[in-house]
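Student: okay, sequence plus prediction incoming.
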Amino acid sequence: MGFLTGAFLKMYTTRMRIQLQHQLTTITMRQNRITKQIGDMEKKLTQMKQAATMGVSASMQMQNAEAASIFQQASASGDTNAMTQANVQYQNAMALNAMNAQMSKSMIEQQYEQMSEAQLEPLKNMEEQLAMEKANLESRIKLIEGQEQASREMEKSSQKDFVPEYTGGG
């Protein structure tokens with residue numbers, strides 16, 4: 001009876017191991033896909049943020065160039081009163097441009113942080129859930145492999161009961 005039980009258990013545990021390995025493969029593929037999506041999304045958001053920041057910097061440079069142009073025109077006139085007034089306007093414009101650029105960059109940073117949280121958080125949660133499922137399946141596979149080995153041993157130890165005695169010694 002041990003032979004049949006061992007053979008049945010071996011067949012059952014092999015089938016279970018194959019099913020679990022298939023599930024593990026499926027989960028691993030999904031996890032890899034999610035990880036790739038996260039990487040692509042982070043790359044895209046970083047590029048968008050850099051483009052927005054560069055736009056703010058370019059705008060600030062244009063405004064600074066306009067302020068410098070006004071100052072140069074006043075300097076060309078040779079009027080010291082106009083030059084002093086243009087210098088004050090130039091310094092104020094530079095400070096205002098720097099402040100506006102810093103505020104804009106801060107707002108861009110916050111906006112992209114919120115976008116990142118909103119778009120990446122669900123993917124990261126899914127990736128974490130898949131990692132837990134994967135770990136669970138891996139431990140179940142180890143357990144099934146142990147049962148499979150035990151059923152092989154049971155079948156093997158019971159096989160000697162079926163070997164006929166040819167010695168006739170009774």
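Tutor: Yes, it's here. Being a predicted model, the structure only gives us computed values, none of them experimental.
Student: stretch 23-43 - what's its average pLDDT?
Tutor: What stretch 23-43 shows for mean pLDDT is 95.
Student: now do the buried residues in it.
Tutor: 23-24, 27-28, 31, 34, 38 (16 or more other Cβ atoms under 10 Å). From N, CA and C alone the C-beta is placed, and that goes for glycine too.
Student: give the contact list for Gln61.
Tutor: The contact partners of Gln61, taken as Cβ atoms under 8 Å, 6 or more residues apart in numbering, number zero.
Student: longest helix anywhere in the protein?
Tutor: helix 80-159 (DSSP state H).
Student: which other helices and strands contact it?
Tutor: For helix 80-159, the packing partners by 3 or more Cβ pairs under 8 Å, 6 or more residues apart in numbering; DSSP states H and E come out as helix 2-77.
Student: and the gap between the residue lying closest to Ser151 once chain neighbours are set aside and Lys43?
Tutor: In this structure, Ser151 finds its nearest non-sequential neighbour in Leu9, 3.5 Å apart by Cβ to Cβ, 6 or more residues apart in numbering. Note on Leu9: its distance to Lys43, by Cβ to Cβ, to the nearest Å, is 50 Å.
Student: cool, and Ala150?
Tutor: When Ala150 is compared with Lys43 (using Cβ to Cβ), they lie 49 Å apart.
Student: if we can go back for a sec, on the pLDDT front, check the residue nearest to Ser151 for me.
Tutor: pLDDT at Leu9 comes out at 82.
Student: that one: neighbour count?
Tutor: Leu9: 17 surrounding residues under other Cβ atoms under 10 Å.
Student: that one: what's it in contact with?
Tutor: Contacts here follow Cβ under 8 Å, 6+ apart; on that basis Leu9 touches 147, 150-151, 154-155.
Student: these: which two are farthest apart?
Tutor: The most widely separated members of these, counting by Cβ to Cβ, are Gln147 and Glu155 (12.5 Å).
Student: contacts for stretch 106-125?
Tutor: 34, 37-38, 41-42, 45, 48-49, 52-53, 56.
Student: can you check what angle separates the longest helix of the chain from helix 2-77?
Tutor: 170 degrees (axes from the mean of the first three to the mean of the last three Cα atoms, to 10 degrees).
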